[in-house]
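J.: just coords:
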Ligand SMILES: Cc1ncc(C[n+]2csc(CCOP(=O)(O)OP(=O)(O)O)c2C)c(N)n1
Ligand SMILES: Cc1ncc(C[n+]2csc(CCOP(=O)(O)OP(=O)(O)O)c2C)c(N)n1
Ligand code: SF4
Ligand code: SF4
Ligand SMILES: [Mg+2]
Ligand SMILES: [Mg+2]
């Protein structure tokens, strides 16, 4: 069965989201996981509509709040492959606090950010990753706030898997997301995604001419070197690195948590507790 | 007039907050600024009570929300010296999203975090900066989440002034906060502050034996070098760097914003607008 | 009422909004009474987009059921729309348009003419011409609009003017009812968004912080577009919590400031609302309602957030809530909102809705009540200043920081100076201080609107339902009346005794009858509830047929 | 009522809570009816800390005005406390204690004896001994408590036992009223926090996410302490928004999950509450009330968040709100909360307050209604599964992810599968589906408590005011009665007709009379309001004197 659901799609024809959908759908089909064990959690925005266009279980929650939902679903059911995905505004703006603290928790989920450097669904306001100077319906004289660098931020938070990919490069995207899913711990994949309607600057061509894979270009590149990774992450302009920029071997939430360490699946082990013994302490 | 207000103080005797109060009070007295032009904005927590113990104007708002209030007060009245201050739980936990985005805006405020690596007022739960493994009333088996590194995070966000100081070193603290206030842009000063009641690990002695000033120890240290600063910021253990770890020369919010560039003080220029001409567009 | 309902039916991305705006504006300038409505999906391209334009012999403030004339730019959308259309509907389309089941389609060579005019993309301009010709609008009127739009691109402008002329030559063949025109000089064609936005600018609002959220974003856009001209800082916040705390910071520092959002964003502002209540900081929040819960239907309309807004923020504090009936009131009540906020040092909420926000109506030029410009702020040096001094009225003289005086404000319970306090007898006084402002605020509220107070059945309504309710009552005549509120909290009900022994029915854009429940909590009177909660605005026809169903008329 | 009010008056940081707990526990084990109350400031050291212990011939569920016996560990605190004490108050203190204006202080050499016992820090233990001796409690009882506390530190334990013995030798000289004892085996001494916490554990709650906030934190602590034993993940979230969204994620994935917070934290959860409503995800939220607005008085009590909670979340959706009257109900209603949440797939709110949370009371062992363990979850493969199938009751069969079936949930309006939908006729059905659950939930509610229904004056109350109201009515006798609710929304008022022609008065811990307003919105009946909003719990004396003032009795 294909993971692409046959339905009306609300994205603009030509949008970079289509290629992400194609890549994710293919990849899910190739994973060695039962379909019903995949859970996608999304937020609100154009990107966040993705799960509706796939044949997967999903929880499409609030703008900015996919990560806490994904975290908890994974916590109580470790058998699930949990993927949280949404847009840059959702994940880095509204949801910024969850992003940084989820990195600290290191639960084994994969976060895919469709980073079109703009607020798509609400018609083109600047997002945290919008470039300085870009003009929008609200930022009439162009963005004045520093462009956020999610890769650098994730490295600073010591996230355990930090990668960038591109919706215009299906093989790369599939490979990186597969590695992210395989990684035992929190994985961030920031996917450069052209918004052909509201971001006339960061186009397919713009990205294509700049993005390069770190490992391909620098065979000696060591994603485990945090300082080097940070340095590399600062590159943005004529050349933009993609691939696995940083990773480490921190233990995951389930490996650390005493309740879960043994592999307990709370969603299965669901009985009420007899507390009559416990209550004796109050006599 | 002294900036120390003579009143009952709700901190535990021996708390590291007293020294912060003393340093800030002295420094405010030495600043070349009229008393009424100083505005402190705080949140909720032990640290956040500081403004009550000083002779300054203050807005003591919600837990985690000092920064947006401080931002806007400064925006509309650039004559004010605006200092936002609160605890680590407040600023990095509840208020984490405002912290990172305020760094992007680079408004000229100074943020002082009393970083006692614990939630004091609510009785000793782990905070984002609590060390791995530390046991608390909620974290019975010790903290499992990665200790947040606010300095590294600020560097990743390209904050324009990033420093660490210590409540046990008044001169250092005064010097760093003065530089932070002088700096035209967003300044973060993370102040290591022993909580003698709930954090029995990070004590005065613990900090004192580890903290060293980067500039004193490495005279060649260049806080403008972002990668080197990041590397330095990762040091935490036997030795912990303090002083100005990172800075840059980004333009501030007021320098960039077309409405404010000219030095307009909106809190003074407050007239209603005549829109009758504008309304003609709707005929 | 003699009127005509025109529907432009297409998809998002076809430029329908611009086209519809041009048609509406041209008709308005030609002297017609115009009301418009936009019905669209939460997407950027594709999906239904229906721009409705109603012109009538009296000024309409709602659409009505059924379309008379449809410009079909999408067969699918038109097909759907026809499900609800009158039999006599007249569908106009381009040559290649399919036939439809429910109506004959009149085809015209719009695109070919556009091509002939030298600008393929000018199809809409040809249609505009054809429509204007049908409506006997002088060609200068739409031509002026084209000049405003394409002014700097001479070639495009010329081609569009040619296209317009070609359009004028088309005879659409539709039989127009007789709708009088007049000089519209003393009127405006404005949406609720524009009205609230300019109301805020006119009130001297100098700071707006918001996180984009449909249908609240428009007000931010209006202020952003006027930022330099009127010296307003418009800051897009990282989230709604930042937005409201920023607005509070700016207000504390002395400027009129506001936020704009919708239900979900307002939900995130609740703690901030309570902070404004506790620190007695005047802020104005625009809450543009859309169907909920949660994300709901982002581009649709509702009146579901009344109780949520009236009870917003934990704890008890005074507030003032308005729900403008139409664009004119959106302007005037926004000004009043800033006034009440400043005078009583309380948060004020403006309840809009997608219908009000997106619809344009022909309104009288709003009045500017100069009283509402008063700021009630002192800028001077006061020794031993008590920001929260206990006064008779509960209002303490307000000084702002930076003017020689030390000012303190605290979200904890505090003493008169603003210092945190655990003195429980003082706590009691402070609660009373904050709450007794409500007595005076109530007196500021205008009386509700009465229509046919002697009727047997009285509709009770609030906010933007007024247009449809008023028209329904006009249509029905003397045995139906209404009592309609636009200042909803605190509730002024002077002559409520008039209502006893009548059939009372609340008509609201929600399921539960939120206002009815509220009305009963204030007056004890029970009302029947008729609710609309499918996301679309009310129409007079819907109201009358539901009243019949419920045996109310 | 034959009773005695003991006050331990000191400062935070003096170990008063531990001391008071030991006294209360020993008295309870000795067979007394015990009720305790803690009055303290929002600080860690210093400030007032007053631990009140009331013992009485009938089980008390509130404190009363005035102290009989005060252990003074701080002159300042005691001085304040004496402002409200009876004339005959008996103040006991250590040797170096100052004289006080309002009472004679009886001094004993507690610290010296502790020193003699070989443990300076055992002053409290000496006092404990002296008190126990006064109350004729067998020495084994407090000694057992010492063993439990110091079990692993033998030296300290021994010294404390010596100190205890020395205490027993002290004759405090106070004249004790006659208060009977009994075998307390079938009773528990429990705080509301403990009761709600164990209620949740007993219900099988497996996931709690929270951000610390007084007075809600305690419930988190109870579950955290039982985390390994009962396999519960307790996660401290970065903020309350994360907390509620986590709880929703865990619930969606199939476990019983909850959050705990106070008003300000709950304010931040509003959008999440609405999300639970829209996605029909069962979650339980504990909201422990404290005086607001904003930060207010963190360590004080109130009943100010009733309307805020009943109306929480933008938009309309079904919910269930309980406000337990005492610790026993806190246990039982927490279990019921999980049950209703699961059965109706709605968010459920448990309104506690600082008074209920911090007070311990002598309660019967709570009952465990096995029906409440039902989960209403299916774990099986279903083809073409419709998570939101339209059913008669509004409840759709629930399957959880990972069990062979594809599950979808959306915060946007959605179709039966859970796919986002812009179909407006479906929207209408979905609103009805979500709302009609309320009809059945109403039937689940127990009847309110009636006392003296024939009385002329009926007090109407809700939640933890019950202890004081019940006692006031007992004291006053037959002409005063009450109607008291602990399941507050939806409101079951079967025999409301009994109330007509009576004097009705709501007594609540707020200024506005929130329940009164609500009660009127449901019944149309007007009530007089008596509010307490100074942060301290009600007492029977306060209730009776206010009723007299208002001319109600
Ligand atoms: C609480 C809340 N605030 C605001 C919105 C409105 N909103 C919907 S999508 C969106 C931004 C979309 O931008 P992004 O996340 O980058 O996704 P994109 O559409 O670009 O894929 C916003 C602000 C909302 N739904 N909820
Ligand atoms: C919205 C909200 N959530 C929670 C709280 C409760 N609270 C008060 S202070 C505090 C944490 C204090 O820790 P920190 O910020 O590190 O300050 P400290 O007391 O350690 O100085 C918390 C959780 C609150 N006041 N508001
Ligand atoms: S607006 Fe941009 S991101 Fe959204 S669907 Fe269209 S092209 Fe894609
Ligand atoms: S609890 Fe800790 S931080 Fe708070 S006052 Fe005491 S020592 Fe200081
Ligand atoms: Mg985006
Ligand atoms: Mg702290």
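T.: Cool, the structure landed. Bear in mind the structure is a predicted one, so any value in this text is a computation, not a measurement. Ligands and ions are numbered 1, 2, ... in the order given.

J.: can you pull the contacts of residue 177?
T.: Using chain A here. A:23, A:24, A:27, A:110, A:112, A:165, A:189 (CB atoms under 8 Å, 6 or more residues apart in numbering or on different chains). The C-beta positions use only the backbone N, C-alpha and C, and glycine is treated the same way.

J.: wrong one, chain C
T.: C:2, C:3, C:4.

J.: for chain A, which residues are neighbours of ligand 1?
T.: A:44-47, A:63, A:86-90, A:114, A:116, A:118-122, A:127 (CB under 6 Å from any ligand atom).

J.: just the ones of these in helices?
T.: Counting by DSSP state H, these place residue A:88 in helices.

J.: quick check on the contacts of residue A:177: which are buried?
T.: A:23, A:24, A:27, A:110, A:112, A:165, A:189 (16 or more other CB atoms under 10 Å in any protein chain shown).

J.: can you list the residues of the stretch 151-283 of chain A near chain C?
T.: A:197, A:198 (CB under 8 Å from any CB of the partner chain).

J.: 7 Å instead, please
T.: residue A:197 (CB under 7 Å from any CB of the partner chain).

J.: now do residue A:158 against ligand 5, distance only.
T.: Shown here: residue A:158 relative to ligand 5, a distance of 26 Å by CB to the ion, to the nearest Å.

J.: correct me if wrong: that residue contacts residue B:145.
T.: No - checked against CB atoms under 7 Å, the pair residue A:158 and residue B:145 is beyond contact range at 10.6 Å.

J.: which SSE is the residue in the stretch 451-553 of chain C that ligand 1 sits nearest to in?
T.: Ligand 1 sits closest to residue C:535 of the stretch 451-553 of chain C, with a gap of 15.8 Å, by CB to the nearest ligand atom. Using DSSP states H and E, residue C:535 sits in no helix or strand.

J.: pLDDT score for it?
T.: The per-residue pLDDT reported for residue C:535 equals 98.

J.: so what does it have for phi and psi?
T.: phi 90, psi -10 (degrees, to the nearest 10).

J.: ok, it - how many residues close by?
T.: By the measure other CB atoms under 10 Å in any protein chain shown, the count of residues near residue C:535 is 24.

J.: who touches it in this structure?
T.: Each residue near residue C:535 by CB atoms under 7 Å, 6 or more residues apart in numbering or on different chains is listed here: C:291, C:297, C:300, C:301, C:302, D:424, D:427.

J.: wait, a strand at the first one?
T.: Yep, that's residue C:291 we're talking about. No - counting by DSSP: H, G, I helix; E, B strand; the rest coil, residue C:291 is not found in a strand; it is coil.

J.: separation between it and ligand 1?
T.: 13 Å (CB to the nearest ligand atom, to the nearest Å).

J.: my guess is that residue contacts residue C:300. True?
T.: Yes - if you go by CB under 7 Å, residue C:291 and residue C:300 touch, sitting 5.0 Å apart.

J.: returning to that earlier point: among the residues of chain A next to ligand 1, which are located in strands?
T.: The strands, defined by DSSP state E, take in A:86, A:87, A:114 from the residues of chain A next to ligand 1.

J.: which of these tops the neighbour count?
T.: Scoring these on neighbours with other CB under 10 Å, the highest-scoring entry is residue A:87 at 35 neighbours.

J.: okay, that one: pLDDT?
T.: So residue A:87 comes in at 98 (pLDDT).

J.: now stretch C:529-548: buried residues?
T.: C:529-540, C:542-544, C:546-547.

J.: how about the strands in the stretch 251-400 of chain C?
T.: Per DSSP state E, counting those that start in this stretch, the stretch 251-400 of chain C carries strands over the ranges C:257-262, C:283-289, C:320-322, C:347-353, C:360-364, C:377-378, C:398-399.

J.: mind giving me JSON lines with those strands and columns for mean pLDDT and distance to residue C:232?
T.: Putting the strands of the stretch 251-400 of chain C into JSON lines (pLDDT from 0 to 100; distance: least, CB to CB, whole Å) gives the following:
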{"stretch": "strand C:257-262", "mean pLDDT": "98", "distance to residue C:232": "10"}
{"stretch": "strand C:283-289", "mean pLDDT": "98", "distance to residue C:232": "13"}
{"stretch": "strand C:320-322", "mean pLDDT": "98", "distance to residue C:232": "21"}
{"stretch": "strand C:347-353", "mean pLDDT": "98", "distance to residue C:232": "17"}
{"stretch": "strand C:360-364", "mean pLDDT": "98", "distance to residue C:232": "23"}
{"stretch": "strand C:377-378", "mean pLDDT": "92", "distance to residue C:232": "18"}
{"stretch": "strand C:398-399", "mean pLDDT": "96", "distance to residue C:232": "22"}
